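Enquirer: Structure here, sequence nowhere to be found:
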């Protein structure tokens, strides 16, 4: 036990309420998505605030326009029938409710090679000096870079988890709090998307032009059940500017604090303010050629017992509680994943 003198370091914050744009379109059927948020000061727990009521649309080099619908919570989506055209150049426009206007730099959709193979390898690692193990399946893919130079790639993934329960509610029985799980009124899936460092695996063909890309790491699926783990994996062809942007994020997020690490910095991206050219805007909008494929991780090939996942409490019987609605959002959907029955 000792006295501690608090130390308040000098902090440098991002400009408050600067716009952040994150999203992309591809030459595959949608829906395609853009998220809009505002930055917050570091002293406000570094939380971003959503942008509601914006007008969002994309235009191509032939004057065609496609609008995005506002789904709430800062999420904007195209219709499921919309897809970009290879060789066309696209620009995103965002108009905020107060009239401020933003545009992206033009991005051209380039073709992407096919995914040759996807596979998963089971591994387990001890957690610290404990008897606990991190058990999971590392997912990889193989592809082949074409003979052309100047090709850049990025990989993203989405996991869908079928839900038995859509809500957990608390109630009191006398003075005792009781939790009840409410079954979903409709078929329902939770959506888990790669975010942050999990999606910043961009590479260039500079050192491997025309050769195989083997063992490209995609993600790690937890060994938390013996049921299969459903993934949809996208291989994207991106522009050189997009590659530099995502590679910079990767380098910054993987720093370990060594003296040779890159210094932290603010990454701008390809969005600019038309209303005020001096305004700071963050994020990136890209247009990519894509191949999306399903993959199921066979978790019966794990070793030992799956790591325990705490399930919601079962409802009391009788009487059973009413069902809970599956509310459509960025994280949950009633729409069955495209290849779910495979």
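Expert: Everything's here; your move. Computed from a prediction, not measured in an experiment: that's the story for all the values here.
Enquirer: From now on I want contacts and neighbour counts done on CA atoms only, so please keep to that.
Expert: OK.
Enquirer: pretty sure residue 23 contacts residue 286?
Expert: Yes: assessed by C-alpha atoms under 8 Å, residue 23 is found in contact with residue 286 at 6.8 Å.
Enquirer: Give me the more crowded residue out of the two.
Expert: residue 286 (24 against 18; other C-alpha atoms under 10 Å).
Enquirer: Remind me what the helix or strand hosting the more buried one packs against, helices and strands.
Expert: Using DSSP states H and E, residue 286 maps to strand 281-297. Secondary-structure packing of strand 281-297 (3 or more C-alpha pairs under 8 Å, 6 or more residues apart in numbering; DSSP states H and E): strand 19-26, strand 89-95, strand 107-108, strand 115-126, strand 229-237, helix 240-253, strand 271-273.
Enquirer: Strands of the stretch 51-200 of the chain, residue ranges please.
Expert: 55-60, 65-72, 75-77, 89-95, 101-104, 107-108, 115-126, 133-144, 152-162, 165-173, 176-183, 189-193 (DSSP state E, counting those that start in this stretch).
Enquirer: Residue 219 is nearest to which of those?
Expert: strand 133-144 (5.4 Å; C-alpha to C-alpha).
Enquirer: quick one on the thing from earlier: to residue 204, which of the strands of the stretch 51-200 of the chain lies closest?
Expert: For the strands of the stretch 51-200 of the chain, proximity to residue 204 was assessed by C-alpha to C-alpha; strand 152-162 is nearest, at 4.6 Å.
Enquirer: Go through that closest one and flag the buried ones.
Expert: Of the residues in strand 152-162, 152, 153, 154, 155, 156, 157, 159, 160, 161, 162 count as buried by neighbour count, 16 or more other C-alpha atoms under 10 Å.
Enquirer: what residues are up against the last one?
Expert: Applying C-alpha atoms under 8 Å, 6 or more residues apart in numbering, we find residue 162 in contact with 187, 188, 189, 190.
Enquirer: before we move on, the earlier item: lowest-confidence stretch among the helices and strands packed on strand 281-297?
Expert: Per-stretch mean pLDDT for the helices and strands packed on strand 281-297 is lowest at helix 240-253 (a mean of 87).
Enquirer: What residues sit buried inside that one?
Expert: Within helix 240-253, the residues scored as buried using 16+ other C-alpha under 10 Å are 241, 242, 243, 244, 245, 246, 247, 248, 249, 250, 251, 252.
Enquirer: relative to strand 152-162, how tilted is that helix?
Expert: 70 degrees (axes from the mean of the first three to the mean of the last three C-alpha atoms, to 10 degrees).
Enquirer: Helix 240-253 - contacts with which helices or strands?
Expert: So helix 240-253, by 3+ C-alpha pairs under 8 Å, 6+ apart, packs with strand 152-162, strand 203-204, strand 281-297.
Enquirer: Format those as TSV; extra columns: distance to residue 128 and mean pLDDT.
Expert: Listed next are the helices and strands packed on helix 240-253 as TSV, based on distance: least, C-alpha to C-alpha, whole Å; pLDDT from 0 to 100:
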stretch	distance to residue 128	mean pLDDT
strand 152-162	28	95
strand 203-204	32	93
strand 281-297	27	95
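Enquirer: Adding distance to residue 168, write these out as TSV.
Expert: Shown next, in TSV, are the helices and strands packed on helix 240-253 (distance: least, C-alpha to C-alpha, whole Å):
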stretch	distance to residue 168
strand 152-162	16
strand 203-204	42
strand 281-297	28
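Enquirer: can you tell which of the ones you listed is closest to residue 180?
Expert: Of the helices and strands packed on helix 240-253, nearest to residue 180 by C-alpha to C-alpha is strand 152-162, at 19.0 Å.
Enquirer: need the helices and strands packed on strand 281-297 in a markdown table with distance to residue 300, can you?
Expert: A markdown table is the format used below for the helices and strands packed on strand 281-297 (distance: least, C-alpha to C-alpha, whole Å):
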| stretch | distance to residue 300 |
| --- | --- |
| strand 19-26 | 34 |
| strand 89-95 | 44 |
| strand 107-108 | 42 |
| strand 115-126 | 10 |
| strand 229-237 | 10 |
| helix 240-253 | 32 |
| strand 271-273 | 45 |
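Enquirer: Residue 340 is nearest to which of those?
Expert: strand 229-237 (7.7 Å).
Enquirer: So what touches the closest one?
Expert: By C-alpha under 8 Å, 6+ apart, strand 229-237 touches 109-112, 115, 151-161, 221, 288-299, 340.
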